[in-house]
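>>> based on what follows, work out the 3D shape:
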Amino acid sequence: MTSTASQYVEAVVRRAREPMEPAHFEPDWADQPRRYKVYPGAPEWPLPPGTDIEAGPLAAGLFPGVPGSPDGALPGQATAGPLALESLSALLRQTFGLLTRRLRITGNTRIGDPTWYQDAAWSRGTASGGGLYPLEIYWVSGPSGPLLPGIYYYASARHALRRLLAGDVTGQVHAALPGHPEVLATDQFLLVTVKFWKNSFKYNSFCYHVVTMDLGALLASWQLWNAAAGLPGQPALWFDEEALNRLLNLDTTAESTMAVVPLPPGTKPPAAGPPHPAAVAVRHTERERSRVVLRFPQVEAVHAAAVAASPLPPPAGTIDDARAVPRPPGEAPGISLPAPRPAALTAGLSQALRQRRSSFGAFSGHPALGPADASTLLAAAAACGLRCDAGGAAVTRLAVFVNHVEGIAAGAYDYRPEQNQLTAIPGPPTGMFLQRHYFLDNYNLEQAAMVVAVIARPAAVISAVGDRGYRLVNAATGAIAQALYLAAAACGVGCGAVLGFDNVAIAERLGFAATDERALLLIMVGPERQGAADFDFRLA
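Numbers count the residues shown, from 1 in each chain. Model prediction:
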């Protein structure tokens, strides 16, 4: 019997040919939800600016220990040590706070007039797949932390904390992660939730596919930050979700905790005595802007199946046989790429987060992308596998549509990171093919130097670890997108990720339509047209 999550994946990958319900859905833009949650009456604490601390070199996060990666610390770089409010503020601000206002004219649609404040578009360090940034961040702090123990909501628009509960409830977080003995070593946690309506108001039943990639993009930003700063920390995706939702006073069908990230403990000693009983929970509730909030059965069904999963993480090695691996090469010899150049990514991660943006119609095939840059970008994408409580095995692989790379013929290729090679996939030309099977008009895919396809075997992963494995696959996909965005920013080229394409046609052209592999995301990279006007509107 096919699982709920597997059925949802198939509906997603076939939606270009068999539309998901409700067909012909149109968003009510006048009644869209707020971009930022509001908790009336919750006391607020402004955070330090968070811009004077450098995470560390991007290359050190992507390629730790690789020759050519920078070894020295940058001025003001975060380092391992007890949790301080300044370092937490920098992590939150640079990865998910507002950094700049976007005023460049692009090929994007539905942006209104960005010169008017009510239509203003703001940039964050972490990419989002549309909608209105549905991720929310809560900080659960115990006695060792820099503030009064309690639960704090990160109000990203104001770069501030809103205290929703006072008191040490970290015992409840420990209890919700029974298969994670390492969490007992700390009393500081970031909880990442997804508010579905902030995406489904626009994407309806397609929402769950998008927001689980958003989750991976944020976790990748934190993973790179920790690696660059030499900090520990690994997100948990398996835990008692309902228990944490009750703690945060969330309706699981509307908003749910999808990741728990342990932080280093603070400098203060923990208080003696038992934690608060399970009855203690947040009482504040969010004030919703939308007059009508719609619900979508497919989203609720796949979410319910994931929530019902065991809170225990899968045993080591469980997903090893569910990985996506390149097929055996054919008769054509592989094309060896130049060695990746970690030195090209010596810019700080903080700088890359500030410069990250989507290219939206700005790609240009002239000049072509250099092969060394192509190699570095692909290596960065392959290196940023999401490391979590499901183990370190990569569940994704990459294929590449080459359009404009010096010395490499246009066409489709499998990428083999261990050999740093491209292997040609026979078939017709890919330039017009890509544009024909893309739904929107905000990108010219043929003008991108490379279009990277992220491929996985979602049904195999779900079969191995249950329906929550679908989140794992999509989070790993989102992590790759974020790694490519940051690497492209550091290399001075453009980047853009798209979900609106005919997955079946892409699978047919890449030669795996008859297998259980699925192309989940397309990410474009390459030079942009020169001379486009822009406006420098940095907030910090």
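
>>> alpha carbons only for contacts and neighbour counts from here, please
Noted.

>>> tell me the gap between stretch 322-341 and the middle of its chain.
Averaging C-alpha positions (Cα atoms, centre = their mean, to the nearest Å) puts stretch 322-341 26 Å from its chain's average.

>>> residues in contact with it?
Contact with stretch 322-341 is made by 68, 371-373, 375-377, 379, 393-397, 414-416, 419-424, 455-457, 460-461, 464, 517, as judged by Cα atoms under 8 Å, 6 or more residues apart in numbering.

>>> in strands only, show me these.
Judged by DSSP state E, strands contain the following of those: 396-397, 414-416, 421-424, 455-456.

>>> buried subset of the contacts of stretch 322-341, written for ChimeraX?
Only the buried entries of the contacts of stretch 322-341 go into this ChimeraX selection, using 16 or more other Cα atoms under 10 Å:
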select :68,371,372,373,375,376,377,379,393,394,395,396,397,414,415,416,420,421,422,423,424,455,456,457,460,461,464,517
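
>>> returning to that earlier point: just send the ones in strands among the contacts of stretch 322-341 back as JSON lines, with pLDDT and distance to residue 344 too.
Converted to JSON lines, the ones in strands among the contacts of stretch 322-341 look like this (pLDDT from 0 to 100; distance: Cα to Cα, whole Å):
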{"residue": "396", "pLDDT": "96", "distance to residue 344": "25"}
{"residue": "397", "pLDDT": "96", "distance to residue 344": "23"}
{"residue": "414", "pLDDT": "96", "distance to residue 344": "24"}
{"residue": "415", "pLDDT": "96", "distance to residue 344": "21"}
{"residue": "416", "pLDDT": "95", "distance to residue 344": "21"}
{"residue": "421", "pLDDT": "95", "distance to residue 344": "20"}
{"residue": "422", "pLDDT": "96", "distance to residue 344": "21"}
{"residue": "423", "pLDDT": "95", "distance to residue 344": "25"}
{"residue": "424", "pLDDT": "95", "distance to residue 344": "27"}
{"residue": "455", "pLDDT": "97", "distance to residue 344": "26"}
{"residue": "456", "pLDDT": "97", "distance to residue 344": "29"}
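
>>> all strands of the stretch 301-450 of the chain, in order?
335-336, 396-402, 411-416, 421-425, 450-456 (DSSP state E, counting those that start in this stretch).

>>> partner strands of the third one and their direction?
By that I understand strand 411-416. Here strand 411-416 has these sheet partners by DSSP bridges: strand 396-402 (antiparallel), strand 421-425 (antiparallel).

>>> that older thread, which one of the strands of the stretch 301-450 of the chain lies nearest to residue 348?
Nearest to residue 348, of all the strands of the stretch 301-450 of the chain, is strand 450-456, at 24.3 Å by Cα to Cα.

>>> chain center to the closest one: distance?
Relative to the chain's own centre, strand 450-456 is displaced by 15 Å; criterion: Cα atoms, centre = their mean.

>>> same deal with stretch 36-54?
22 Å.

>>> likewise for stretch 514-529?
That offset, for stretch 514-529, works out to 15 Å (Cα atoms, centre = their mean).

>>> ends of that stretch, how far apart?
One end of stretch 514-529 to the other measures 39 Å (Cα to Cα, to the nearest Å).

>>> and that stretch, average pLDDT?
Averaged across stretch 514-529, pLDDT comes to 96.

>>> all helices for this structure, in order.
When assigned using DSSP state H, the helices of the chain occupy the ranges 4-13, 58-62, 85-96, 170-176, 197-203, 207-229, 241-248, 297-307, 349-355, 371-383, 431-436, 458-465, 469-491, 503-510.

>>> out of the ones you listed, which is closest to residue 259?
helix 207-229 (8.1 Å).

>>> now do the closest one, average pLDDT.
Helix 207-229 shows a mean pLDDT of 94.

>>> what is the orientation angle of it with helix 297-307?
Inter-element angle recorded for helix 207-229 and helix 297-307: 50 degrees (by axes from the mean of the first three to the mean of the last three Cα atoms, to 10 degrees).

>>> helices or strands next to helix 207-229 in the packing?
The criterion is 3 or more Cα pairs under 8 Å, 6 or more residues apart in numbering; DSSP states H and E, and the helices and strands that helix 207-229 contacts are helix 58-62, helix 85-96, strand 135-141, helix 197-203, helix 297-307, helix 349-355, helix 469-491.
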